[in-house]
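>>> fold the stuff below for me.
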Amino acid sequence: MLQPLGGYEDPLYQFYHQSFKVYTLQTATTKMVEALQSLLPGRELNPWFVQIIREGTGKTFDLSHNKAWLANTRPIVEAFFHSRFMLEMAVRYSGLEEPPQVLPSGWAALLYLFNVR
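Numbering: from 1, shown residues only. Sure, this is the predicted structure:
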């Protein structure tokens, strides 16, 4: 069973502290996206999700980023939260034996992630 990755308290604090350590969220983001992709290998993920992840990963800190802190780091935080949400929904609904009659929002979000809805 997939477990959501923890350890985000300090990196999010570092976002507000304006520390380069917020960039460490990218590692967790990448691992969560890999875990999600492993659920349906070969299936393309939602293009908006992919764009959010692309814009929030692969970044290296540079001192010049301090001048436009939010522009440089918010995409990292946003990508982390989107991937964490989707992974948490995958864990939450992993025990379903069949699709529910009334779709919970989290289940519906997963369907969008995998372009099923």
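>>> can you read off the backbone torsions of the residue nearest the centre of the chain?
Central residue of the chain (C-alpha atoms, centre = their mean): Ser83, 1.6 Å from the mean position. As for Ser83, its main-chain torsions (degrees, to the nearest 10) stand at phi -70, psi -40.
>>> hmm, it is touching Leu36, no?
Yes. Applying C-beta atoms under 8 Å, one finds Ser83 in contact with Leu36, separated by 7.1 Å. Using the backbone N, CA and C atoms, a C-beta is placed for each residue, glycine as well.
>>> hmm, what's the outermost residue in the protein?
The chain, farthest from centre, C-alpha atoms, centre = their mean: Gln101 at 27.1 Å.
>>> any idea how far that one is from Trp107?
Distance from Gln101 to Trp107, counting by C-beta to C-beta, to the nearest Å: 11 Å.
>>> now swap in Tyr23 and tell me
32 Å.
>>> got the CA coordinates for the one helix or strand Ile52 maps to in PDB?
If you go by DSSP states H and E, Ile52 is part of helix 47-55. C-alpha atoms of helix 47-55 as PDB (Å, rounded to 0.1, in the frame of the first residue of the first chain):
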ATOM      1  CA  PRO A  47      -1.600  17.700 -18.700                       C
ATOM      2  CA  TRP A  48      -2.300  20.400 -16.100                       C
ATOM      3  CA  PHE A  49      -0.800  18.200 -13.400                       C
ATOM      4  CA  VAL A  50       2.200  17.500 -15.600                       C
ATOM      5  CA  GLN A  51       2.700  21.200 -16.200                       C
ATOM      6  CA  ILE A  52       2.500  22.000 -12.500                       C
ATOM      7  CA  ILE A  53       5.100  19.400 -11.800                       C
ATOM      8  CA  ARG A  54       7.300  20.500 -14.600                       C
ATOM      9  CA  GLU A  55       7.200  24.100 -13.400                       C
END
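>>> quick one: mean pLDDT over that helix.
Averaging pLDDT along helix 47-55 yields 98.
>>> sorry, back to before: if I look at the residue farthest from the centre of the chain, how far off is Glu34?
32 Å.
>>> before we move on, what about Glu9?
Glu9 is 22 Å from Glu34, by C-beta to C-beta.
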